[in-house]
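**Q** output the structure for:
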Amino acid sequence: MAVPKKKVSKSKRNMRRSHDALKPSAYVECSKCGEYKRPHHVCQACGCYNDREVTEAGGTI
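**A** Down below sits the predicted model:
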């Protein structure tokens, strides 16, 4: 049976987990209205995507 020979220290354990943290959400400015929005998503303020209006302002798809 595979059993660890020594206890894994807190330092080693935490170094292994260093990449598990959640990254902060990315936001970019809308080119039409200047509001912040998620990249590759329709702007909730003006309804534009890729410099053209897709939906009415404040609407959803």
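**Q** can you pull out the helices in the protein?
**A** Per DSSP state H, the chain carries helices over the ranges 10-16.
**Q** so, low pLDDT: which residues of it?
**A** For the chain, applying pLDDT under 70 flags the ranges 58-61.
**Q** can you map out the strands along the chain?
**A** 28-29, 36-37, 48-49, 52-53 (DSSP state E).
**Q** ok, residues contacting the first one?
**A** Read that as strand 28-29. 35-39 (Cβ atoms under 8 Å, 6 or more residues apart in numbering). Where C-beta positions appear, they are placed from N, C-alpha and C, glycine not excepted.
**Q** quickly run through the sheet partners of it, with directions.
**A** If you go by DSSP bridges, strand 28-29 pairs up with strand 36-37 (antiparallel).
**Q** returning to what we had before: now the contacts of strand 28-29 in JSON lines, with neighbour count and distance to Ala21?
**A** Shown next, in JSON lines, are the contacts of strand 28-29 (neighbours: other Cβ atoms under 10 Å; distance: Cβ to Cβ, whole Å):
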{"residue": "Glu35", "neighbour count": "13", "distance to Ala21": "28"}
{"residue": "Tyr36", "neighbour count": "11", "distance to Ala21": "23"}
{"residue": "Lys37", "neighbour count": "19", "distance to Ala21": "24"}
{"residue": "Arg38", "neighbour count": "12", "distance to Ala21": "20"}
{"residue": "Pro39", "neighbour count": "8", "distance to Ala21": "21"}
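**Q** got TSV for those, with distance to Val8 too?
**A** Below are these laid out as TSV (distance: Cβ to Cβ, whole Å):
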residue	distance to Val8
Glu35	47
Tyr36	42
Lys37	43
Arg38	38
Pro39	38
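**Q** the residues you listed: which two are farthest apart?
**A** Farthest apart among the contacts of strand 28-29 by Cβ to Cβ are Glu35 and Pro39. That separation is 13.4 Å.
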